[in-house]
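K.L.:
Give the three-dimensional model of this entry:
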Amino acid sequence: MAVGVSHIPRPHRRNLCGEELETFVNELASRPELWIELVQHDREQRIYEELFSDDYLTAWLICWMEDHDTGFHDHDISCGAVSVVSGCVREQRLTLEGPPEDRLVRAGESFNFSAVDIHRVRHAGDSPAVTLHVYSPPLLSMGAYVVDEHGRLERQTVPSSEELRPARDSPEVPTL
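P.N.:
All right, here's what the predicted structure looks like:
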């Protein structure tokens with residue numbers, strides 16, 4: 001665990017959301033000496049390392065390669081923010097008014113999300129990607145979404161220690 005992460009300025013003794021988390025993750029991204037030694041890539045799965053955790057905040061490093069995909073998921077009660085430090089990822093947010101909102105997030109860019117957002121993140125581009133993620137309160141579990149044989153959207157609880165992947169036998173989440 002990178003001890004220096006605890007010294008990045010932030011509000012203390014409370015949970016953070018939105019722009020506060022994005023400010024924190026961007027500051028973390030600007031200090032590669034705190035995480036660069038943990039960067040490694042594996043074609044079979046994303047590599048993820050917890051950098052820091054206390055009662056109000058968790059920070060993770062995630063390394064992505066071609067075909068790495070979280071599938072649609074939520075973060076239970078946690079808000080979050082992501083900073084792309086190299087490569088690029090595609091974020092899609094589930095909507096009820098049409099197809100998922102879709103955006104490419106490149107190195108140097110970031111985004112945040114609330115606890116109620118359902119989204120998917122996957123590798124994009126030709127080169128490996130590295131992202132930093134922060135969650136508040138600390139991420140303990142997530143909800144992974146699949147479409148059952150009757151076309152119903154179902155949520156499956158996944159512990160934060162498990163890698164998120166799209167369900168193998170589940171179709172893409174259709175436009176709702």
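K.L.:
hang on, Arg120 packs against His68?
P.N.:
No: counting by Cβ atoms under 8 Å, His68 is not a contact partner of Arg120; they are 11.4 Å apart. Yep, even glycine has a C-beta here, placed from its N, CA and C like the rest.
K.L.:
neighbour-wise, which of those two wins?
P.N.:
A side-by-side neighbour count of Arg120 and His68, using other Cβ atoms under 10 Å, places His68 first with 24 against 21.
K.L.:
for that one, what are its contacts?
P.N.:
Residues near His68 by Cβ atoms under 8 Å, 6 or more residues apart in numbering: 45-46, 122-123.
K.L.:
ok, it to Arg103 distance?
P.N.:
Using Cβ to Cβ, to the nearest Å, His68 is found at 17 Å from Arg103.
K.L.:
do the same with Pro32
P.N.:
Separation of Pro32 from Arg103 (Cβ to Cβ) stands at 24 Å.
K.L.:
Could you do Tyr48 as well?
P.N.:
Counting by Cβ to Cβ, the gap from Tyr48 to Arg103 is 22 Å.
K.L.:
who's more crowded, those two?
P.N.:
Neighbours were counted for Tyr48 and for Arg103 using other Cβ under 10 Å; Tyr48 has more, 17 against 14.
K.L.:
show me where this protein has helices.
P.N.:
Assignment of helices within the chain using DSSP state H yields the ranges 18-29.
K.L.:
now it, which segments are flagged as low pLDDT?
P.N.:
Scanning the chain with the threshold set as pLDDT under 70 gives 1-3, 167-176.
K.L.:
which residues does the residue in it sticking out farthest from the centre contact?
P.N.:
Distance from the C-alpha centroid of the chain, by Cα atoms, centre = their mean, peaks at His150 (28.9 Å). Contacts for His150 were tallied using Cβ under 8 Å, 6+ apart; there are none.
K.L.:
swap in Cys88?
P.N.:
104-107, 124-125, 129.
K.L.:
number of nearby residues for Arg14?
P.N.:
Other residues lying near Arg14 total 12 when counted by other Cβ under 10 Å.
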